[in-house]
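Undergrad: Here is a sequence with its predicted model. Questions after.
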Amino acid sequence: MKFCFLCFCCLVGLCQSLSAQTYTANTDVQYIDSYSSNFANVFANDSLSNVLLLDTLIVLSPPNHGVVISNGNNNYNFVPNLNFGNTIFIDSMLYMGVAVYEHPNPDSSYAVSDVAWVYFVANFDSLSCDIGCVYPGDIDNNGEVSVHDILPLGIAYGVTGPSREFVSSDWLPFPVLDWQQQFLFGGPNFKYADCNGNGIVGMTDFWAILNNYGKTHTTPTTTFTPATLAQNLQIAVDIENDTVSIGDTIVANVRIGNVAENYNVYGFACNMFYNVDDGNTATVEFPESFVNTNTDDIISVYRKSNPTQLDLALTRIDHQIVNGNGIVARVRFVMEDIIEGGKDEATEAVLSLELKNVLIYANSEQVLTYSNVSVQNDSITVVLGTPSSLLPDVLLYPMPAADQIWVKSANNMERVQLIDLHGRVLIDQKLTSTNLTTISLEQIPVGIYVVGVWSDERWTYRKIIK
């Protein structure tokens, strides 16, 4: 939020905004020692560009559990009340800072201002975190916000408890008294699932995971061993492509179980690793499955943690256990290049997909996993060169495309699809055994897409650019 107002001149109503002359106030976190006056510089992390910060601190919303005293020179003292650090562990204020742009013509000088919050947190040397600090998003309280935090969120979804004084998903330690509910077998308290502190576990807490994804902290965490089912479970990743070349789209399915046995599943999370450069084209679709029976009853997420790691998770939120087996996720990415591994010959390499850190919940009310989860990974030969015997069996032209794209196949095609990078099918054309067809792109925005061709009892995928 930016404010611009007149300063040093009398031109009422003048409000100027130049991108080169800016002032941005940034959120502060101040750790406070109880019962004492605490000195700090609220402006220390603010951003200035071609303006001069004034010795001005305007408190728009004062703290509730202490007093702020401005000392000039951009400094202030916060004096907490006697209960701060004992029954109250966090406070805040909204402040406005003011800076001036000194124009060569004094009559054209003007001021700019901005507002930000300051959070006062009781110092950890006091008793503030003995009751457990909630870092929004770290629901399993293991010190990191990750894809695995989706699973306990699904179990606690809809549960209510005491709200915090400050409803916020900012990455701060919020000391909170325990709720009545707790994940069994030594698991964390349900208060960690109320990420934003509004007193109910819901979708806003899912957003807190997304906003704070990958962040870590070092305050005391929870270590526990969940109960397990005495049943073996298999999770596998299967690559649909038979062979691929650089520039092709890889399609891989994540499958839980096998056709011979059904399993109780409430949610799953894992990390997928691969040895290719996907040019940030990776997408994950969670199709209708025995777990995803109704999109209103599930939450899902996928994130790229690093260039060769894709995190994915899905959980139900309706507290209903489902039983079955089959495909639960479909991954697509364009293979731009092989990063490492498998280059035995000048014309071939090996693409490997591996699932790690697999966690599957088998109960809708408490943390219950499987005693033995076996992982089946997959790999495929990658064509690096283009000798005549390895020329692609599907050609797309022209490239980049304009209003239409021609699709030519070495075999008769029965179906073609246009798919966006979110896995959504935009166009689906059924054909009558032809090896040449077109796809109209007139209504398709500029971007990168995937064309899928069903021919000879298999799908072939190619990337296009419009």
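TA: Structure's in. What do you need?

Undergrad: Spatially central residue for the protein, please.
TA: residue 210 (3.7 Å; C-alpha atoms, centre = their mean).

Undergrad: now that residue, nearest residue through space, not along the chain?
TA: Once flanking residues are discounted, residue 210 sits nearest to residue 301: 6.8 Å by C-beta to C-beta, 6 or more residues apart in numbering. C-beta: built from backbone N, CA, C; applies to glycine.

Undergrad: and what of residue 76?
TA: Setting aside the residues directly before and after it, residue 76 is nearest to residue 70 in space (C-beta to C-beta, 6+ apart), at 4.9 Å.

Undergrad: ok, how many other residues are close to the one you found?
TA: With neighbours defined by other C-beta atoms under 10 Å, the count for residue 70 comes to 16.

Undergrad: if we can go back for a sec, quick one: pLDDT of the residue nearest to residue 210?
TA: In this model, residue 301 is scored at 93, pLDDT.

Undergrad: gap between it and residue 151?
TA: With the distance defined as C-beta to C-beta, to the nearest Å, residue 301 ends up 11 Å from residue 151.

Undergrad: wait, is the residue nearest to residue 76 part of a strand?
TA: Yes - residue state for residue 70 (DSSP: H, G, I helix; E, B strand; the rest coil) corresponds to a strand.

Undergrad: what's the distance between residue 366 and residue 434?
TA: As judged by C-beta to C-beta, residue 366 and residue 434 stand 56 Å apart.

Undergrad: And those two? Which one has more around it.
TA: Residue environment comparison for residue 366 versus residue 434 gives the larger neighbour count to residue 366, 16 against 13, counting by other C-beta under 10 Å.

Undergrad: Is that one in a helix, a strand, or coil?
TA: coil.

Undergrad: Mind listing the strands the helix or strand harbouring residue 31 pairs with, and their directions?
TA: Counting by DSSP states H and E, the element that carries residue 31 is strand 28-32. According to DSSP bridges, strand 28-32 forms sheet pairs with strand 110-122 (parallel).

Undergrad: who touches the closest residue in space to residue 209 that isn't next to it in sequence in this structure?
TA: When the adjacent residues along the chain are set aside, residue 209 lies closest to residue 137, with 4.5 Å between them (C-beta to C-beta, 6+ apart). By C-beta atoms under 8 Å, 6 or more residues apart in numbering, the residues touching residue 137 are 145, 149, 169, 171, 195, 208-209, 211-213, 215.

Undergrad: please redo it, this time with the cut-off set to 6 Å
TA: Residue 137 makes contact with 145, 195, 208-209, 212, according to C-beta atoms under 6 Å, 6 or more residues apart in numbering.

Undergrad: tally of neighbours for residue 266?
TA: Neighbours of residue 266 under the rule other C-beta under 10 Å: 25.

Undergrad: And for residue 158?
TA: If you count neighbours by other C-beta under 10 Å, residue 158 ends up with 10.

Undergrad: helix or strand for it, which one?
TA: With DSSP H and E as the criterion, the answer for residue 158 is that it lies in no helix or strand.

Undergrad: what does residue 153 give?
TA: Secondary-structure element containing residue 153, defined by DSSP H and E: helix 150-156.

Undergrad: next structured bit after that helix?
TA: Read in the C-terminal direction, the helix or strand following helix 150-156 is strand 174-175, with elements assigned using DSSP H and E.

Undergrad: For that next one, name the packing helices and strands.
TA: Contact partners of strand 174-175 among helices and strands, from 3 or more C-beta pairs under 6 Å, 6 or more residues apart in numbering; DSSP states H and E: none.

Undergrad: could we number from 425 for the rest of this?
TA: New numbering, starting at 425: the last item is strand 598-599.

Undergrad: Direction included, what does it pair up with?
TA: Each strand that pairs with strand 598-599, with its direction, by DSSP bridges: strand 557-558 (antiparallel).

Undergrad: With adjacent residues omitted, what lies nearest to residue 753?
TA: Once flanking residues are discounted, residue 753 sits nearest to residue 678: 4.0 Å by C-beta to C-beta, 6+ apart.

Undergrad: isn't that neighbour right up against residue 661?
TA: Yes - look at residue 678 against residue 661 with C-beta atoms under 6 Å: they come within range, at 5.4 Å.

Undergrad: quick revisit: ok, residues contacting the helix holding residue 577?
TA: Under the contact criterion C-beta under 6 Å, 6+ apart, helix 574-580 has outside partners 563-564, 614, 617, 625, 691, 693, 725, 737, 739-741, 785.

Undergrad: how about 7 Å then?
TA: Residues outside helix 574-580 that contact it (C-beta atoms under 7 Å, 6 or more residues apart in numbering) are 563-564, 607, 614, 617, 625, 629-630, 633, 690-691, 693, 723, 725, 737, 739-741, 783, 785, 788-791.
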